[in-house]
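S.K.: no FASTA, just this:
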């Protein structure tokens, strides 16, 4: 278990910002606890994997695209923790993945992350890899990772809503730079 104890060991995940981690299933005459709000980390919400530049013809042309992805959704729930000083939460991330023309085979491994933050401070982060196999004649699939459980410390002054959950792809430096350059091109001049 990590220093912050936000994540339970050995479980996987995936996310998208507008869908909130909604509290589910309060007991009779009991309110569901507040949940952290999910957020997508801008440049990490998309994935564009290209053939390596040292590969013949490798570059950032559409014909060099191996795999594209987008964080689609985050579903979750919160419930009272084992003590009054904790809230149990879990989240599942859904990714939309598209095969590119340069993909060989039908299987890919896609790393993604979930981080718990308070303000601008990252309190804990977990990286998981989602393995996807494209069925024959299918170039786009939505895949959902396993639930990632979290235990969030709370008090009378601080509910679980004080935390945020950041989700995105665990990108290489080149993938991150590519995404940033694409976002910069879309900004109004």
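M.R.: Cool, got the structure. None of these values were measured; they are calculated from a predicted model. Numbers count the residues shown, from 1 in each chain.
S.K.: contacts and neighbour counts: CA atoms only from here.
M.R.: Noted.
S.K.: Now the residue nearest the centre of the chain: closest residue in space, sequence neighbours ignored.
M.R.: The residue lying closest to the centre of the chain (C-alpha atoms, centre = their mean) is residue 167, at 3.3 Å. Among residues not flanking residue 167 along the chain, residue 114 sits closest, at 4.7 Å (C-alpha to C-alpha, 6 or more residues apart in numbering).
S.K.: Distance check, that neighbour against residue 177.
M.R.: 20 Å (C-alpha to C-alpha, to the nearest Å).
S.K.: Those two - which one has more neighbours?
M.R.: Counted by other C-alpha atoms under 10 Å, residue 114 and residue 177 do not tie: residue 114 has more neighbours, with 28 against 13.
S.K.: can you confirm the more buried one is in a helix?
M.R.: No: Residue 114: not assigned to a helix; according to DSSP: H, G, I helix; E, B strand; the rest coil it is strand.
S.K.: Return the set of residues that bridge with it.
M.R.: residue 126, residue 167 (DSSP bridges).
S.K.: Isn't it up against residue 122?
M.R.: No: applying C-alpha atoms under 8 Å, one finds residue 114 not in contact with residue 122, separated by 10.4 Å.
S.K.: So for residue 59, what pLDDT did the model give?
M.R.: We have a pLDDT of 75 for residue 59.
S.K.: Please apply the same query to residue 40.
M.R.: Model confidence at residue 40, given as pLDDT, is 87.
S.K.: next one: the one 3 residues further on
M.R.: Confidence at residue 43, expressed as pLDDT, is 89.
S.K.: Would you state the helices of the chain in chain order?
M.R.: Using DSSP state H, the helices of the chain run over residues 173-186.
S.K.: Show me the shaky parts of it.
M.R.: Within the chain, the set of residues satisfying pLDDT under 70 comprises 1-32, 53-58, 186-189.
S.K.: does residue 151 have beta-bridge partners, and which?
M.R.: Beta-bridge partners for residue 151, by DSSP bridges, are residue 88.
S.K.: ok, it touching residue 84?
M.R.: No: the pair residue 151 / residue 84 is not scored as a contact, 11.8 Å apart, by C-alpha under 8 Å.
S.K.: So between those two, which is more surrounded?
M.R.: Comparing residue 151 with residue 84 by other C-alpha under 10 Å, the one with more neighbours is residue 151, at 22 against 11.
S.K.: Looking at the chain, which strand is longest?
M.R.: strand 65-80 (DSSP state E).
S.K.: Which elements pack onto that one?
M.R.: Judged by 3 or more C-alpha pairs under 8 Å, 6 or more residues apart in numbering; DSSP states H and E, strand 65-80 is in contact with strand 46-50, strand 86-99, strand 164-169.
S.K.: Can you list the strands that that strand pairs with?
M.R.: Applying DSSP bridges to the sheet, strand 65-80 is found paired with strand 46-50 (antiparallel), strand 86-99 (antiparallel).
S.K.: Indicate which one of these is closest to residue 38.
M.R.: Residue 38 lies closest to strand 86-99 among the strands paired with strand 65-80, at 9.4 Å (C-alpha to C-alpha).
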